[in-house]
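Asks: A predicted structure for the sequence below; I have some questions about it.
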Amino acid sequence: MSSSGWVRQGLSIGRTEFRRTTRSLRGDSARLALLGVVAVLFGLMVLAGTWFILQFGDQIPAGDVSNVIRGSVAIQWLFAVFITAQRAGSRHHSIDQESLMLLTVPVRAVALGLLSAECFRALAYFAVPVLLLGGAFVVASGSPVMAPFLALAVLLFLATALVLGFALGLLAKLLVARYRVVAEHKSAFSFLAVIVFVGGYVGLQNLGGQGLTALLGWLPFSWIVDLAVIGSPFSGSLPRAAAILVGGLVWVLGGVLIVERLGVALWFGDTVEDAVAAEQARVDTGTAADPLAAAVRPIPLPTIGQPARRVAQRSVVVARRNPQRLSFLVLPVVLGGVTLVNIAQTGVGSLLALLPPLVVVALPWLAGAVFGLNPLGDEGAALPATLTSLASGRDYAVGLALPGLTLGLPVVVLATVATGLAGPYAPLETVALAVIAFVLTLAAVVIAPAVGMAFPRYDPVQVGSDREIVPPSLSAVVLYSLTLGVPGALAAAAILAPAGTRRFLSLLVGGLLSVPFALLAGQGFDPARGVVRWLGQVGAEIATVPVSAVRWGGYVLPLAALCLFGIWAFRSVTRRFRLHTLD
Amino acid sequence: MTAIETTGLTKRYGSTTAVADLDLAVPEGVVYGFLGPNGAGKTTTMRMLTSLTRPTSGSARVAGVPVEERERLIERVGYLPEEPPLYTELTAREQLTYVAGLRDLPEDETSRRIDDLLDRLDLADDADRRIDAYSKGMRQKTAFVQSLLHDPDVLFLDEPTSGLDPRAARTIREMIDDLANEGTTVFLSTHILPVVDEHADTVGVLYDGRLVAEGPPGDLKQQADAGAGGDAGGAGERTLEDVFLEVTSEDPAADEPTLEGATDVQ
């Protein structure tokens, strides 16, 4: 095989893999929607940055590239290495249709294919922002000579990080394949690696100070910045730029060869993973008289009729043995936590004051979402068996609700009382919050399956290289969150801050809601003028409602509505299960 | 008494007709071999007969129960779909305990029955391993046990021997015969024609949503013999495969109703 042969084949594989990625993304509306939200937020930041550079870029004083700047680039380079290693170790350590590819093209072409596919994916995300920001700088600083060097530096940054990350990912996978102790504890090792790196990264970013960052500036990879600034008002080190250009190219070529060697060892070698998986698949509680009841212990599910009990036991065992099914919960929980800290930092209230109302809404939300937000999709291949075995939709609804109630209710109420007492709230307010938590949990465990069955999702997504999960549909997550969150937040706000709630509702109705009608009226649509007037009057009337009425009305009415909605949801689950078909 | 009875059973998906005007009358205690090429409508028919898919028109009763009445129907039928309907996170014993529990079967008695069936299918040693570590054959055997745990009157089997080694396939075939001898009606869909030839009392061939031939395997082969005349593989040597290929041929010449003798369904 000529040298150009494997390069051509490898790039062709990379293009095909990249095309497969984009096609699977096009067919996944939930991921597309999430990506759209991130793209809008990130895109706005990039556009703002571009505008800022165009406006003020010429005022940036020229100077030397310092080691602190180099070190900052090195940190981002290390981050790129980590992300690639993580992706290569978990998802992209081998090519799909491995036997076909390995029997058709040289291993080196497969290695280059995997690397180039990852490179194309990275470029798909970052090419436009880099072009905009870099282009803006070239224009603003009037240094067109810089453009090719900047592009070269960006490509070198990506390629050098990718080959190292990929080699590390394959090495990790090889250790798992060869060493029993690593295979047995691979989840723990991988968790540890994430903690160590993310801890180090966050620590370096926030606590390291300029000294440590400057120290990283001695790493050769940071010299990419010297290459990037050639032809710009900044002066870097030309010897460093030349060294990283030559060294980087050698590094990339050498990296491809190392990835090839690791690939040969991994793809053609023996693995202990199958034997370890077979051992770990044996369940100790299997020989018990009632194996499902034994598998659920120590969770104390109440004694109820057998069909509903079995549904509840199955939900718990499946969630416990395949926690990746719950990975869709991570993002909302992290976002909730970050939002809480951000709000606390703005001075709206202390963390202790904000925590109880958040707990009151978030924990019941979790109690419902963990077991019931996509019941039909969670059934997977077993759905025909469930439908042709369980006669009662009521038993299905009870069985789905039971784990969330048994596990969630005590935790939710205790957490609410504990945070309420630790916060600046009176005992009566804490009791009121506990009642909200109680009602919300009862409602959540029936509303989640009702919404999940109305908006089910059946398409699995790949988690790691060998497992698929079916997360809930985005519609179900959003609708469930609104159904539970709006009344819950309103009740908590009304009891804790009735005057503020009144002001908020008054502004919401009289101000925010009337904005679109005011715009319509401005366009000459006369009926909208009447709506604006009416909304303004309603808003003004809300502002005059006595605080005590807001407090108790705002507290009782949302909870009563949730109770009614919960009853409807329970009936809906019962009916939908009874009538569900595989059409 | 008739175990499965359909009249003008039809299923349409938009402009596509999956099953058209299907009339079936399967007596109790027989093995009914249900044949047809891929996409002929076999799975759709089985789903309609087990209440998992709603017919567009026509009617069907299984074990005397209309297929619209799922709550009553599921006590009388068992169904093994082509993809084993199992939770891969559970062990075989947990899975079977789960499904028996959904049916509210008596726990002790069912536990003994599960052990017997697992033992018979050579699964006892692996019954406490998670299904995600099972081979395709082991999953198939688990799902087969699951479909007959409640001793159904009518058992629908979609490719029951798919992925099984010869020994396990033989065991399942013997169990199918035993079930039929005990009075269970087995509605057996498979592409393995020798299995149908050996075990089915009656064969129905579905093609493009329509039943194009029906009758005992011997009668169908005899009709094919008569139709073939002095052609190669002539009298006395025709197999069920020949019959199948003939009635499901795209060739207009072969569309002539050559097998109308057994039960004329053309």
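Replies: Ah, there it is.
Asks: low-scoring pLDDT stretches of chain A, where are they?
Replies: Along chain A, the model assigns pLDDT under 70 to residues A:1-4, A:206-208, A:286, A:348, A:463-467.
Asks: what domains does the record give for it?
Replies: A:10-274, A:301-496+A:546-579 (automatic domain parsing).
Asks: Nearest to A:L508, out of those domains?
Replies: When the domains of chain A are compared by CB to CB, domain A:301-496+A:546-579 sits nearest A:L508, at 10.9 Å. For glycine as for every other residue, the C-beta is placed from the backbone atoms N, C-alpha and C.
Asks: and that closest one with chain B, contact?
Replies: Yes. Contact between domain A:301-496+A:546-579 and chain B, assessed by CB under 8 Å from any CB of the partner chain, occurs at A:305-307, A:309-311, A:313-314, A:317-318, A:321-322, A:380-392, A:395, A:578.
Asks: What is the neighbour count of B:E198?
Replies: Residues near B:E198, counting by other CB atoms under 10 Å in any protein chain shown, number 14.
Asks: From B:I192, how far out is it?
Replies: To B:I192, B:E198 is 10 Å away according to CB to CB, to the nearest Å.
Asks: quick one: the strands in chain A?
Replies: Remark: strands assigned in chain A by DSSP state E are A:461-463, A:467-469.
Asks: looking at the domains of chain A, which is buried most?
Replies: Of all the domains of chain A, domain A:301-496+A:546-579 has the most neighbours on average by mean count of other CB atoms under 10 Å in any protein chain shown, namely a mean of 20.
Asks: how long is that domain end to end?
Replies: 28 Å (CA to CA, to the nearest Å).
Asks: and that domain, how far from the chain's centre?
Replies: Mean-position distance between domain A:301-496+A:546-579 and its chain equals 19 Å (CA atoms, centre = their mean, to the nearest Å).
Asks: what's the answer for stretch A:149-166, then?
Replies: 26 Å.
Asks: mind giving me the domain split of chain B?
Replies: Domain segmentation of chain B under automatic domain parsing yields B:2-215, B:216-266.
Asks: Now do the contacts for the closest residue in space to A:K173 that isn't next to it in sequence.
Replies: With sequence-adjacent residues excluded and distances taken as CB to CB, 6 or more residues apart in numbering or on different chains, A:K173 is closest to A:H93, at 4.4 Å. Contacts for A:H93 (CB atoms under 8 Å, 6 or more residues apart in numbering or on different chains) come out as A:169-170, A:173, A:266, A:465.
Asks: any idea how far A:H93 is from chain B?
Replies: Separation of A:H93 from chain B (CB to the nearest CB, to the nearest Å) stands at 20 Å.
Asks: Ok, A:P129 next?
Replies: Taking CB to the nearest CB, one finds A:P129 at 41 Å from chain B.
Asks: pretty sure that residue contacts A:V46?
Replies: Yes. Contact criterion CB atoms under 8 Å: A:P129 and A:V46 qualify, at 4.5 Å.
Asks: Just the element for B:D21, please.
Replies: For B:D21, the element it lies in under DSSP states H and E is strand B:16-27.
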